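Participant: could you look at this predicted model? Sequence included:
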Amino acid sequence: MAGNKILVMGGIIIDSYIIVNEYPQKGQDTFITNCFERVGGCAINVANTLKNLGCKPYIISAIGNDPKGITIYKYLKNRGFGTRFVKPIKGKMSGYCITILDGQGERTFLTYKGCETIFERDMVERNLATDIPFVYLTGYFLLDNRFYSDILETLDQLKSSGSRILFDPGPLLEHIDSKMLTSILKRTDVLVPNKSELAKIRNMLNMDDNFNKWAFKNGIAFILEKQGSNGVKVWTQEDNFYIPSYKVNSIDTSGAGDSFAGGLIYCLINGCKIKQAVDFSSACGAITTTFKGPHGIFDITTVKQLMQNRKEIFDVR
């Protein structure tokens with residue numbers, strides 16, 4: 001595999017899961033059937049998928065020196081992730097997310113923003129930038145405007161060294177400064193919002209009808225609108241098409257979009273055409289929904305088997 005070092009810019013947090021049969025109405029009550037904690041956050045979810053597929057993810061994130069931060073650090077060590085770009089911040093709290101998972105596999109989030117949005121220029125070694133084919137960036141990493149100039153400088157250095165950038169806006173993107181969002185989009189090669197996030201971007205940039213044209217003019221090669229169980233809609237400069245979702249026994253949709261991003265990066269660094277890449281990524285996302293928690297362990301063989309099973313069903317039809 002050529003150039004399999006991937007820079008993953010995003011927070012690592014603790015996901016605190018609460019399992020319920022049904023989500024209560026506002027002001028009402030419901031029973032908790034189970035609860036557990038996982039190390040999560042977009043960065044670790046994407047990195048897990050990349051690692052599953054044989055890539056070498058380098059996570060760029062700050063963590064607190066609190067008990068949650070210690071748990072995160074031990075997890076990274078035990079799972080074989082490098083920690084040289086994970087920076088403990090003295091006196092700061094790590095972020096966490098309360099994830100309420102209902103009986104239909106849908107999840108609702110309550111996020112505490114800790115120090116995971118802190119970014120300092122020295123967190124990325126300058127000599128590393130020359131050997132990174134792809135960078136994953138989440139909108140969760142852009143929630144603190146104190147670090148905007150350092151983030152943009154780092155991205156510019158990476159771009160000038162030949163890196164491509166995949167940007168996943170995330171559900172809190174309306175909390176990103178609109179000028180910063182525009183600056184990030186102008187540096188983006190692959191944009192992977194869900195349907196709601198794409199609508200927010202168009203609204204924030206006042207481009208309801210002309211966003212795609214503006215995006216392609218400013219260097220974005222692919223816009224992928226994730227539609228969950230309804231598949232993925234893709235726009236390129238020359239074409240647009242739709243890839244249907246994979247049907248699996250889904251029990252938890254947490255991390256599916258992150259796994260999709262990891263699978264997409266894996267395919268693009270290996271020279272796959274965009275349709276093949278989106279199909280493969282959709283299979284990665286689908287497999288992730290079969291685990292309870294935001295990520296799980298699988299391999300390329302598992303992904304290809306799911307893809308082959310669907311191909312055989314389509315061929316029979």
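Facilitator: Happy to help now that I have it. Model, not experiment: these values are computed from the prediction.

Participant: tally of neighbours for V124?
Facilitator: Here the number of neighbours of V124 (other CB atoms under 10 Å) works out to 24. Every C-beta, even on glycine, is put in place using the N, C-alpha and C of the backbone.

Participant: and the pLDDT for it?
Facilitator: pLDDT recorded at V124 is 83.

Participant: and what of E225?
Facilitator: Reported pLDDT for E225: 97.

Participant: any chance you could map the helices in the protein?
Facilitator: 42-52, 67-78, 148-160, 178-185, 195-204, 211-217, 256-269, 274-288, 300-316 (DSSP state H).

Participant: out of those helices, which gets nearest to G114?
Facilitator: Of all those, helix 67-78 sits nearest to G114, with 7.9 Å by CB to CB.

Participant: using JSON lines, please lay out the helices of the chain together with distance to F241 and mean pLDDT.
Facilitator: As requested, the helices of the chain are exported to JSON lines (distance: least, CB to CB, whole Å; pLDDT from 0 to 100):
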{"stretch": "helix 42-52", "distance to F241": "23", "mean pLDDT": "95"}
{"stretch": "helix 67-78", "distance to F241": "38", "mean pLDDT": "94"}
{"stretch": "helix 148-160", "distance to F241": "27", "mean pLDDT": "94"}
{"stretch": "helix 178-185", "distance to F241": "22", "mean pLDDT": "97"}
{"stretch": "helix 195-204", "distance to F241": "16", "mean pLDDT": "95"}
{"stretch": "helix 211-217", "distance to F241": "14", "mean pLDDT": "95"}
{"stretch": "helix 256-269", "distance to F241": "15", "mean pLDDT": "96"}
{"stretch": "helix 274-288", "distance to F241": "7", "mean pLDDT": "96"}
{"stretch": "helix 300-316", "distance to F241": "16", "mean pLDDT": "76"}
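
Participant: turn the ones you listed into TSV, columns for mean neighbour count and distance to K113.
Facilitator: Output for the helices of the chain, formatted as TSV (neighbours: other CB atoms under 10 Å; distance: least, CB to CB, whole Å):
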stretch	mean neighbour count	distance to K113
helix 42-52	27	13
helix 67-78	17	13
helix 148-160	17	16
helix 178-185	17	16
helix 195-204	17	18
helix 211-217	16	27
helix 256-269	27	18
helix 274-288	23	24
helix 300-316	13	33
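
Participant: which stretch among these comes nearest G95?
Facilitator: Here helix 67-78 is closest among the helices of the chain (CB to CB), at 8.1 Å.

Participant: check which helices and strands that closest one is in contact with.
Facilitator: Packing contacts for helix 67-78, counted by 3 or more CB pairs under 8 Å, 6 or more residues apart in numbering; DSSP states H and E, involve strand 13-20, strand 32-40, strand 56-64, strand 86-89.

Participant: any idea how many residues pack against N218?
Facilitator: For N218, using other CB under 10 Å, the count is 12.

Participant: count of neighbours near the nearest residue to it once chain neighbours are set aside?
Facilitator: Spatial nearest neighbour of N218, chain neighbours left out: K186 (4.9 Å); criterion: CB to CB, 6 or more residues apart in numbering. Close neighbours of K186, defined as other CB under 10 Å, add up to 14.

Participant: winner for burial among the helices and strands packed on helix 67-78?
Facilitator: Of these, the one with the most neighbours on average (mean count of other CB atoms under 10 Å) is strand 56-64, at a mean of 24.
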